[in-house]
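*Asks:* requesting a structural model of the entry that follows:
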Amino acid sequence: MARYTGPKSKIARRFKDPIFGPDKALDKRQYGPGQHGPNKRRGKQSEYAVQLAEKQKAKYTYGILERQFANLFDKASAMKGITGEVLLQLCEGRLDNTVYRLGAATTRSAARQFVSHKHITVNGQVVNIPSYAVKIGDVVGIREKSKSLEAITDSLAAKTTSFDWLDWNPSQMEGKVVGIPTREMIPENIKEQLIVELYSK
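*Replies:* Take a look at the predicted model:
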């Protein structure tokens, strides 16, 4: 399936937010990309443009394509709760994002690759579908043959954050999904209400 493979710093500069992780280019140039630099006149954005930009930002952040994202929104709309918050919970519950949150990968794209290359298990079974939705009680682990992979061990060694909805067992190199993340547990700088307004037009 097609994925964005272009320059990530360009996207981060567009949204003025390091959505792919620490970004030196964004630190140096905290303005949108383009040949005219920071002096380019940028007119006031319309309400639609602001809402669209927020949706694009969420899609790039989680690495989800347009059709997938629209399907997630439809699913969130049909579920109980605040639609915007439920949408982010569904994004967080993807297997690739869960692997990233557990600290087994330094980026979501790396986590997606680990899943696709069959390095990840769910409840002891290999799952190679990045969009697989984990549920409370699921145990996400590293496949036995992959536990010595340098990319995974280095990422786990550098892990500094943990999330209340995931219980990581370092000795087994696996984490259990113990809850659904509330909005306060999701650190992404996304204004989900704007996305709801966009799809509600």
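*Asks:* which strands or helices does the host helix or strand of Ala49 pack on?
*Replies:* Following DSSP states H and E, one finds Ala49 within helix 47-62. Contact partners of helix 47-62 among helices and strands, from 3 or more CB pairs under 8 Å, 6 or more residues apart in numbering; DSSP states H and E: helix 8-15, helix 66-78, helix 83-92, helix 192-199. Glycine gets a C-beta too; all of them are placed from N, C-alpha and C.
*Asks:* just name the most buried of the ones you listed.
*Replies:* Greatest average neighbour count among these goes to helix 83-92 (a mean of 21), per mean count of other CB atoms under 10 Å.
*Asks:* elements contacting it?
*Replies:* helix 47-62, helix 66-78, helix 95-102, helix 192-199.
*Asks:* mind checking the pLDDT average for it?
*Replies:* Helix 83-92 shows a mean pLDDT of 97 in the predicted model.
*Asks:* quick test: name the residue nearest the centre of this protein.
*Replies:* In the chain, the centroid-proximal residue (CA atoms, centre = their mean) is Tyr62; its distance is 3.1 Å.
*Asks:* sorry, back to before: and the helices and strands packed on helix 47-62, which one averages the lowest pLDDT?
*Replies:* helix 8-15 (a mean of 62).
*Asks:* the helices and strands packed on helix 47-62 into CSV, with extra columns for distance to Ala158?
*Replies:* Listed next are those as CSV, based on distance: least, CB to CB, whole Å:
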stretch, distance to Ala158
helix 8-15, 19
helix 66-78, 29
helix 83-92, 21
helix 192-199, 29
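*Asks:* Met173: which of those helices is closest?
*Replies:* Across the helices and strands packed on helix 47-62, Met173 has its closest neighbour in helix 83-92 (20.9 Å, CB to CB).
*Asks:* who touches the closest one?
*Replies:* Helix 83-92 has contacts (CB atoms under 8 Å, 6 or more residues apart in numbering) with 58, 62, 64, 72-73, 75-77, 79-80, 97-98, 101, 133, 180-183, 186, 188, 190, 192-193, 195-196.
*Asks:* off-centre distance for that helix?
*Replies:* Chain-centre distance of helix 83-92: 11 Å, with CA atoms, centre = their mean, to the nearest Å.
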